[in-house]
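1. Take a look and give me a structure for this.
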Amino acid sequence: MLRVPGSFTYARARPVTVEVIRNAKSMNLPIKLISTDFDGTLFAEFELPPIPDSIVTLIGGLQSRGAKWVINTGRDMSSLMEALARSRIPIQPDYLVLVEREIFFHDGVRYVGVPEWNEACARDHAELFARVRPLVSQLMDWVNTRFRATVYEDLHSPFCLIANNNGDADAIHEQLNEFCRGVPGLVVVRNDVYARFSHAAYNKGTALAEICRRLRLGVENVFAAGDHLNDLSMLSTTRARWLAAPANAVEPIKAAVRRQDGFVSGLHCGDGVAEGLRHWLETAGDRTHLQR
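-> Numbering: from 1, shown residues only. Next up is the predicted model:
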C-alpha cells in the first residue's frame, strides 16, 4: 500500500503501460490536458465560492468532450481532498500531482498512484536527502541566527521553511540556492514564504510531461496556469503550448508567461484562469464553450 500524510491510505495502481484518451470527441479539441496549480490559481481560501463557477463550467465542459484535468499542487493528498470537499464543485480532476512531484490518477472510484513514477521519485529523493541531511543543521542555524522563521524537517524534505515575510524569504532563498550549488541534484522549491528542498528531476513540469507521455499528448495540446515560483517548471512552452496566469500571480510568473507569449489575466485566481482558458480556446478556433 502507498501511504501519504494524513488519515487516508490509497491503493497502488494496477500495472499500466500508457493511458490513452478513449473519448473520440477529444480529437477535435485544441486543448486536451488542463494543468492548474491550486492555491492562488484556482482556489481562493476566503472567497465564496473558493473556486468560481466560471472555471468549473469551462473545465467541466472540456472534460465532457474528452479533455483531462490535472491539479498540479504542492499540497499533499489529505490537504487537497479537504479543500476540494469544502469547495463543493461538481467536477473532479482526472490526475493529481501532489507535493509538486507525486502522480495519481482517478480510476473511476478513487485516486491511485502511478507506481513506476512514484517509486522512482521516492527512491531518488531518499538517496539525495541522505546526503543532504548531515549538512542541514548548519543551514538551520544560519537561518535561526538571522531571521524570525520556522525551520523544520517533514516527510517531504529534510529542510522546510516558513519565513516571517517575503523579504526574509527572498534573502533565505538566495542562501538556499547557494547551498544547493554544492549538492548535485538538489533544488529549492519556493511558494510565497514557504520553501523546501527537492530533487531536480521531479517537479510540476516533469510530472506534467510524464502525464502527457502516458496520454500520448504533445505540448501543443496542453494548457497550464499558475501563480507562484513553484509553477515555473510547468509554465514553459517546453511543457505546455497554452500558458496563463491570473492577476494575483507574482511578477516573475507574469514576466515568464508574457516572455513566452502567454496570457496574463486582469482577473484574480479562478476567474483569471477561466479568462485565460477562454482566450486560448478562441485563439485556437474552438468556440464551443461560448454556447454553454
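
2. give the contact list for residue 45.
-> Counting by CB atoms under 8 Å, 6 or more residues apart in numbering, residue 45 touches residue 39. Every residue, glycine included, has its C-beta placed from N, CA and C.

3. A helix includes it, no?
-> No - checked against DSSP: H, G, I helix; E, B strand; the rest coil, residue 45 lies outside a helix; its state is coil.

4. Begin at 45, not 1, for the rest of this chat.
-> That works, and once the first residue is 45, the last one we named lands at residue 89.

5. Now it, what are its backbone angles?
-> In terms of degrees, to the nearest 10, the main-chain angles of residue 89 are phi -50, psi -40.

6. One more: residue 213?
-> Dihedral angles (degrees, to the nearest 10) for residue 213: phi -60, psi -40.

7. what ranges do the helices span in this structure?
-> Along the chain, the segments classed as helices by DSSP state H run 97-108, 121-131, 159-190, 210-224, 248-259, 295-303, 313-327.

8. Output the contacting helices and strands for the last one.
-> Counting by 3 or more CB pairs under 8 Å, 6 or more residues apart in numbering; DSSP states H and E, the packing neighbours recorded for helix 313-327 are helix 97-108, strand 266-269, strand 286-289, strand 307-308.

9. For the most centrally placed residue in the chain, which non-adjacent residue is closest in space?
-> In the chain, the residue lying closest to the centroid (CA atoms, centre = their mean) is residue 116, at 2.5 Å. Leaving aside its chain neighbours, residue 116 sits nearest to residue 141 (4.3 Å; criterion: CB to CB, 6 or more residues apart in numbering).

10. What count of nearby residues applies to the one you found?
-> Close neighbours of residue 141, defined as other CB atoms under 10 Å, add up to 28.

11. That one bridge partners, please.
-> Beta bridges link residue 141 to residue 116, residue 147, judged by DSSP bridges.

12. Give the burial count for residue 323, as a bare number.
-> 15.

13. Distance check, it against residue 316.
-> Residue 323 sits 11 Å away from residue 316, going by CB to CB, to the nearest Å.

14. shared neighbours of these two, anything?
-> Taking CB under 8 Å, 6+ apart as the contact rule, residue 323 and residue 316 both touch residue 288.

15. which of the residues in stretch 195-211 are buried?
-> Buried positions in stretch 195-211, judged by neighbour count with 16 or more other CB atoms under 10 Å: 195, 200-205, 207.

16. from those residues, which ones fall inside strands?
-> Of these, the ones assigned to strands by DSSP state E are 195, 201-205, 207.

17. could those residues go into a markdown table alongside distance to residue 125 and pLDDT?
-> Below are these laid out as a markdown table (distance: CB to CB, whole Å; pLDDT from 0 to 100):
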| residue | distance to residue 125 | pLDDT |
| --- | --- | --- |
| 195 | 28 | 96 |
| 201 | 21 | 97 |
| 202 | 26 | 97 |
| 203 | 26 | 97 |
| 204 | 21 | 97 |
| 205 | 25 | 97 |
| 207 | 27 | 97 |
